[in-house]
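Colleague: A structural model of the following input is requested.
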Amino acid sequence: MAKIEYDELEQLLQEKKIGHLRFVLESDNEQEFLKWCEEHSVEPSDDAAEFYIEQTEISAMDRQVIDDEDYGIWN
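Modeller: Model (predicted):
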C-alpha cells in the first residue's frame with residue numbers, strides 16, 4: 001500500500017479525520033516511532049504517537065536553533 005503524502009496526512013490530522021497513531025504509521029517515521037515505543041516500553045497508541053510527535057518536533061526546533069546560532073543569526 002502506498003504511503004499518503006505528508007501534507008495530506010497533516011491536513012487529515014488537523015481535520016481530525018485521522019488520529020496521531022495513523023498519522024505516524026502512514027508517514028516516513030513509522031519505523032522510528034515503533035523503535036521509540038519499544039525502547040520506552042510503550043504500546044503504539046494514539047496518545048503515544050501524539051507524545052512522540054511533540055517530542056520530535058521539539059527536538060527538530062532545538063536543532064534548528066543550534067544551526068541558526070552557528071551562523072550568527074541569533075546574535
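Colleague: lowest-confidence helix or strand of this protein?
Modeller: helix 46-70 (a mean of 74; mean pLDDT, DSSP states H and E).
Colleague: Ile4 and Asp28, how far apart?
Modeller: Going from Ile4 to Asp28 by C-beta to C-beta, to the nearest Å gives 11 Å. From N, CA and C alone the C-beta is placed, and that goes for glycine too.
Colleague: more neighbours: these two, which one.
Modeller: The residue with more neighbours, out of Ile4 and Asp28, is Ile4; 16 against 9, by other C-beta atoms under 10 Å.
Colleague: give me the element that one is part of.
Modeller: Ile4 belongs to no helix or strand when elements are defined using DSSP states H and E.
Colleague: quickly note the distance from the residue nearest to the spatial centre of the chain to Leu25.
Modeller: The centroid of the chain falls nearest to Ile53 when counting by C-alpha atoms, centre = their mean (3.4 Å). Distance, Ile53 to Leu25, using C-beta to C-beta: 12 Å.
Colleague: just Ala49 next, same as before
Modeller: 8 Å.
Colleague: check contacts around the spatially closest residue to Asp47 that is not a sequence neighbour.
Modeller: Spatial nearest neighbour of Asp47, chain neighbours left out: His20 (7.7 Å); criterion: C-beta to C-beta, 6 or more residues apart in numbering. Residues near His20 by C-beta atoms under 8 Å, 6 or more residues apart in numbering: 13, 46-47, 49-50, 53.
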